[in-house]
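Engineer: I'd like to go over a predicted model; first the sequence, then the structure.
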Amino acid sequence: MKFSPLGKSNIQVSRVTFGCWELGGGPWEFTSDDNNMKAVQAAFDMGITTFDTAEGYGSGHSEEIVGNALQGKREQCILTTKVSRANLAPANVRRSAEASLQRLKTDYIDIYYIHWPSFEVPVSETLTEFNKLKEEGLIRAIGVSNFSVEQLEEASLYAQIDVLQPEYSLLHRSIEQDIVPYCKKNNIAIMSYSSIAKGLLTGAFHLGGKKLDENDFRSTRRLFLPDHLEKEEELIMVLKDIADSKGKAISQIAISWLLHQEALTTAIVGSQSIKHMKENIEAADIELNSDELNALDSVSKKVIASIDA
């Protein structure tokens, strides 16, 4: 596994981060706690050191699974978690952080995020409490998720922001316009979520015959609408051609593309399957040549434009 520095902090993160949303249950098809603990442990054994969760994932259950799974390995791991939008008042931030510490079975959090910007609590008040937590050694680095460039600029007035966590994939590239240049200029790391577009970039929906249950939260999401699925097929076929030529999975090429983007620090990818996590980890070692990167870039932009039209 390769590693990258996280912004201006002294933290090194694995290029692939284990995304732990699914481990909390919630809207995802769920396996079992025992299976998910084994998946976390297997990911660690295969080289992943960075694990991303949130108090909102299964009302803290994801944090509990991560904490239990990594007992005895804490000092070798980077644990990142998030405070929910409803808890951004200073007193609530501290309560949330203390509860997360308890569930994660640790006395410090490596990266603590604002999960979504608040509509009500000024970011100055929230980050004042974040700074106190950092001074006390309860958190090591401060991150924000789902912030616009304007919100990022404002946050940076009140704290050292080391990392931004935005949605980023071959099917969602809006951050490239203004957020990526800002982060590069200000040495802010980028940790992508929905790196394989909630499973779309595995090819399962276009080539594997996978259908969503009507109760699946993804069924109403923009990228999964029937007419958009049809438009996305061109990108899936380009991914398949490249994957076939290398003897790899489609998802591995999608992750590799992300890791070839200069501004990306680490790609968050989650799975309850040890087999799939192994593939995700192997994606960090796949090299794409300029022709392959150009093909993915142009077709991706074409597909996104047709969906947004």
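Structural biologist: Arrived safely, thanks for sending.
Engineer: CA atoms for contacts and neighbours, from now on please.
Structural biologist: Noted.
Engineer: For this structure, which residue is located at the greatest distance from the centroid?
Structural biologist: residue 245 (27.7 Å; CA atoms, centre = their mean).
Engineer: which other helices and strands contact the helix or strand containing it?
Structural biologist: For residue 245, the host element (DSSP states H and E) is helix 226-246. Counting contacts by 3 or more CA pairs under 8 Å, 6 or more residues apart in numbering; DSSP states H and E, helix 226-246 packs against helix 250-259, helix 290-308.
Engineer: Extract the residue ranges of this structure that are flagged as low pLDDT.
Structural biologist: For the chain, applying pLDDT under 70 flags the ranges 28.
Engineer: circling back to that earlier point, quickly note the distance from the residue farthest from the centre of the chain to residue 295.
Structural biologist: Applying CA to CA, to the nearest Å, the value for residue 245 to residue 295 is 14 Å.
Engineer: burial measure for residue 169, as a count.
Structural biologist: Residues lying near residue 169 (other CA atoms under 10 Å) number 23.
Engineer: if you skip the residues just before and after it, what's nearest to it?
Structural biologist: Nearest non-adjacent residue to residue 169, counting by CA to CA, 6 or more residues apart in numbering: residue 195, 4.9 Å away.
Engineer: The one you found touches residue 270, doesn't it?
Structural biologist: No - applying CA atoms under 8 Å, one finds residue 195 not in contact with residue 270, separated by 9.1 Å.
Engineer: rewinding a little: now render the helices and strands packed on helix 226-246 as CSV, adding mean neighbour count.
Structural biologist: Listed next are the helices and strands packed on helix 226-246 as CSV, based on neighbours: other CA atoms under 10 Å:
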stretch, mean neighbour count
helix 250-259, 24
helix 290-308, 15
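Engineer: Specify the stretch among the ones you listed that is closest to residue 103.
Structural biologist: Closest approach to residue 103 among the helices and strands packed on helix 226-246 is made by helix 250-259 (29.8 Å; CA to CA).
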